[in-house]
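Enquirer: based on what follows, work out the 3D shape:
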Amino acid sequence: MQSPVEPPRTISPARAHLDRGFRFEQAGTVARALIAYRDSLEASESPEDQVEAHLRIARVLRSMAEYEEALAEARAALKLADLIGADDLAAEAINVEVGVHQLHGDFDLADALSIRALERAHSPRVRGITLQNQGRTAAERRDFETANRLFTESIEAFNEAGYELGKAIALANAAAAAREMGQPERALELGAQAATLGRRLNALDVLLTAVQNQAAALVTLGNVADAEGLLTEALGHFTSARNVIRQAECLEIMGELSELRPDDADTARRCYSRALDLAVAADDRVLIDRLNRRLAAL
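Expert: Residues are numbered from 1 along each chain as shown. So this is what the prediction gives:
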């Protein structure tokens, strides 16, 4: 007796556009991702798909430093999620706004919103995203003990959800925090774990963020040659992906690297100045303050 043949699964046009956009986004081609997500919004027949499209558009716009448009999309997603009683989607929308406030240094507002998001996050995946954002805020405040606890909790939530991309992002952020804590060896180890996951998932943006963090740790350890090769790779990717903030961060690390070389203060100054221009263009106030301090120290 033959087994019944399972009918082929059909994917809605809106979901097909979302999947296509996600592949573009992970490859760093954000302009094409944005088009695909907007195509999804236009093709959406269910409010859930509409919310998802708004969320994806908001995240891409945030990475491109288009903050007002990103906030508008996130709030449209939140409004729709509230209408259909989708708490997890609402929490995701709130988390997009949290990210914008973190970049602007509005940490009290970011914390207040993330508490709201955590109250509405039911699935382990969305809970992990929220804990991750809370950890980033704690790290920016230099409360590294709290940051490490929250990063660990977020990884546990992502493991429960089977959400490997989130785990890779959490490991990359934990690597950055470890370096700031003066633990470059641990930063290298965490960055390597994040890079391994990012490579396996073909998530270039996460992979190159991990590479950037590894380079920063190598600079702290005085390994200029290896750090320079990794930085060149990361900067090339983020320039192509139009991720202005990551470009600025790479140039900042290049400035640190130049300071380690004898008589290379002029190169360091040029790196910091170019990074500052990009940070101002992206309105990343935390990075602006840090770069101004570096230039003043030179």
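Enquirer: tell me where the stretch 101-250 of the chain has helices.
Expert: Along the stretch 101-250 of the chain, the segments classed as helices by DSSP state H, counting those that start in this stretch run 107-120, 124-140, 144-161, 164-180, 184-200, 204-220, 224-240, 244-260.
Enquirer: any chance of TSV for those helices, columns distance to residue 47 and mean neighbour count?
Expert: C-beta coordinates here come from the backbone N, C-alpha and C atoms, glycine included. TSV is the format used below for those (distance: least, C-beta to C-beta, whole Å; neighbours: other C-beta atoms under 10 Å):
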stretch	distance to residue 47	mean neighbour count
helix 107-120	17	18
helix 124-140	18	24
helix 144-161	23	19
helix 164-180	24	24
helix 184-200	32	20
helix 204-220	28	25
helix 224-240	34	17
helix 244-260	32	23
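Enquirer: what's the closest of the ones you listed to residue 99?
Expert: Closest to residue 99 of the helices of the stretch 101-250 of the chain is helix 124-140 (C-beta to C-beta; 6.7 Å).
Enquirer: who are the contact partners of residue 15?
Expert: Counting by C-beta atoms under 8 Å, 6 or more residues apart in numbering, residue 15 makes contact with 40, 49.
Enquirer: re earlier: the helices of the stretch 101-250 of the chain: which one's closest to residue 288?
Expert: helix 244-260 (9.2 Å).
Enquirer: save the helices of the stretch 101-250 of the chain as CSV, and put in mean pLDDT and distance to residue 70 too.
Expert: Shown next, in CSV, are the helices of the stretch 101-250 of the chain (pLDDT from 0 to 100; distance: least, C-beta to C-beta, whole Å):
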stretch, mean pLDDT, distance to residue 70
helix 107-120, 96, 14
helix 124-140, 95, 15
helix 144-161, 94, 22
helix 164-180, 92, 18
helix 184-200, 94, 23
helix 204-220, 93, 16
helix 224-240, 93, 18
helix 244-260, 95, 13
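Enquirer: Serialize these to a markdown table and add fields for distance to residue 78.
Expert: What follows is the helices of the stretch 101-250 of the chain, written out as a markdown table (distance: least, C-beta to C-beta, whole Å):
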| stretch | distance to residue 78 |
| --- | --- |
| helix 107-120 | 10 |
| helix 124-140 | 13 |
| helix 144-161 | 21 |
| helix 164-180 | 20 |
| helix 184-200 | 29 |
| helix 204-220 | 24 |
| helix 224-240 | 29 |
| helix 244-260 | 24 |
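Enquirer: go through those and name the closest to residue 284.
Expert: Residue 284 lies closest to helix 244-260 among the helices of the stretch 101-250 of the chain, at 5.3 Å (C-beta to C-beta).
Enquirer: who are the packing partners of the closest one?
Expert: When contacts are defined as 3 or more C-beta pairs under 8 Å, 6 or more residues apart in numbering; DSSP states H and E, helix 244-260 sits against helix 204-220, helix 224-240, helix 265-282, helix 285-297.
Enquirer: in a markdown table, list those along with distance to residue 39.
Expert: A markdown table is the format used below for the helices and strands packed on helix 244-260 (distance: least, C-beta to C-beta, whole Å):
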| stretch | distance to residue 39 |
| --- | --- |
| helix 204-220 | 21 |
| helix 224-240 | 22 |
| helix 265-282 | 27 |
| helix 285-297 | 33 |
